[in-house]
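A.B. asks: Just to be clear, the model below is a prediction. Sequence and coordinates:
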Amino acid sequence: MRDDWRRSVRLFRSFLTEQSDPVGFYSLIADDTVRLMERHVDLAGTTIVDFGGGGGFYSAAFTRAGARSMVVDASYDEITAHQDRHPLAVVARAEQAPVRDGSVDIAFSSNLLEHVPALGPVADQIVRVVRPGGLVVLSYTAWLGPWGGHETSPWHYLGGHRAARRYERKHGRPPKNRYGETMFAASVRDGLAWARSRDDLELLEERPRYLPPASRHLLRVPGVREVLTWNLWQVLRKR
């Protein structure tokens, strides 16, 4: 239990460095993600599609674990933002990914679903590419959590547009994540409901991503879960 809380503190502290040291931040989060996933599957030899993977930090961690990974991201700028870009990357929206149905072992998505207007239809398309018996791993930031506004947090609690205007006044440029355009009010409730609407998926794990495992009980409490979950983590097996 003590190690679980140490992990949580380390991860939450890392958010303070996202803007100043994105490579260090995302590398830390990616390595932690591999450890979470390996509770359910040995990544060695698996094929993974990393939806919304941007610069490929997660895919690089998957490769180090022995997997073969491909990044699918809608932004060419995100894919090419870092010198050590992932060698296999495709510019495409998740719902239009050029990947065959049922062709990969794992579909992974981290912090993509808060950037689409409707969570469910995009999650459905992520599931599409997974073979029977494969895994779907989804994680996204809840709007009402402390980091819901991303770089405009915590002012997003006063409204997404107001937070964006405040950010632009302070920094002299608009935020990367623009509410109502490239960032939306994703809720924990919607993710929970989507997972239970899919009869072809078996839920293996569902919890606040950065908190200790026992925090999964927070998901039972409407309202409270929206604020305290921070980031919803879901692992599902395709039947």
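C.D. replies: Great, that's in hand. From a predicted model like this one, the values you see are computed outputs, not experimental measurements. Numbers count the residues shown, from 1 in each chain.

A.B. asks: spatially speaking, which residue is in the middle of the chain?
C.D. replies: Compute the mean C-alpha point of the chain, and by Cα atoms, centre = their mean the closest residue is residue 110, 1.7 Å away.

A.B. asks: who's the nearest residue to it once chain neighbours are set aside bridged to?
C.D. replies: Distances taken as Cβ to Cβ, 6 or more residues apart in numbering put residue 139 closest to residue 110, at 4.7 Å, once the chain neighbours are dropped. From N, CA and C alone the C-beta is placed, and that goes for glycine too. With DSSP bridges as the criterion, residue 139 is bridged to residue 110, residue 233.

A.B. asks: where exactly do the helices run in the chain?
C.D. replies: Taking DSSP state H as the criterion, the chain carries its helices at 2-14, 22-37, 57-64, 76-79, 119-128, 160-171, 188-197, 224-228.

A.B. asks: doesn't residue 52 make contact with residue 93?
C.D. replies: No: counting by Cβ atoms under 8 Å, residue 93 stays clear of residue 52, with 9.6 Å between them.

A.B. asks: Comparing those two, which shows the higher neighbour count?
C.D. replies: Remark: of residue 93 and residue 52, residue 52 carries more neighbours, 24 against 15, as counted by other Cβ atoms under 10 Å.

A.B. asks: wait, doesn't the more buried one sit right on residue 72?
C.D. replies: Yes: in this structure residue 52 lies within contact range of residue 72 using Cβ under 8 Å: 7.4 Å.

A.B. asks: residues shared between the contacts of the two?
C.D. replies: Both residue 52 and residue 72 are in contact with residue 94, where contact means Cβ atoms under 8 Å, 6 or more residues apart in numbering.

A.B. asks: Now distance to residue 234 too, for the helices of the chain, in a markdown table please.
C.D. replies: Below are the helices of the chain laid out as a markdown table (distance: least, Cβ to Cβ, whole Å):
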| stretch | distance to residue 234 |
| --- | --- |
| helix 2-14 | 18 |
| helix 22-37 | 11 |
| helix 57-64 | 16 |
| helix 76-79 | 23 |
| helix 119-128 | 9 |
| helix 160-171 | 24 |
| helix 188-197 | 6 |
| helix 224-228 | 13 |
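
A.B. asks: of all those, which gets the most neighbours per residue?
C.D. replies: With neighbours taken as mean count of other Cβ atoms under 10 Å, the helices of the chain reach their highest mean count in helix 57-64, at a mean of 23.

A.B. asks: thought residue 60 was touching residue 86?
C.D. replies: Yes: with contact defined as Cβ under 8 Å, residue 60 reaches residue 86; the gap is 6.4 Å.

A.B. asks: In TSV: the helices of the chain, plus mean pLDDT and distance to residue 103.
C.D. replies: As requested, the helices of the chain are exported to TSV (pLDDT from 0 to 100; distance: least, Cβ to Cβ, whole Å):
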stretch	mean pLDDT	distance to residue 103
helix 2-14	87	32
helix 22-37	90	19
helix 57-64	95	16
helix 76-79	88	21
helix 119-128	98	10
helix 160-171	97	37
helix 188-197	98	22
helix 224-228	98	34
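
A.B. asks: That's all I had, so thanks and see you.
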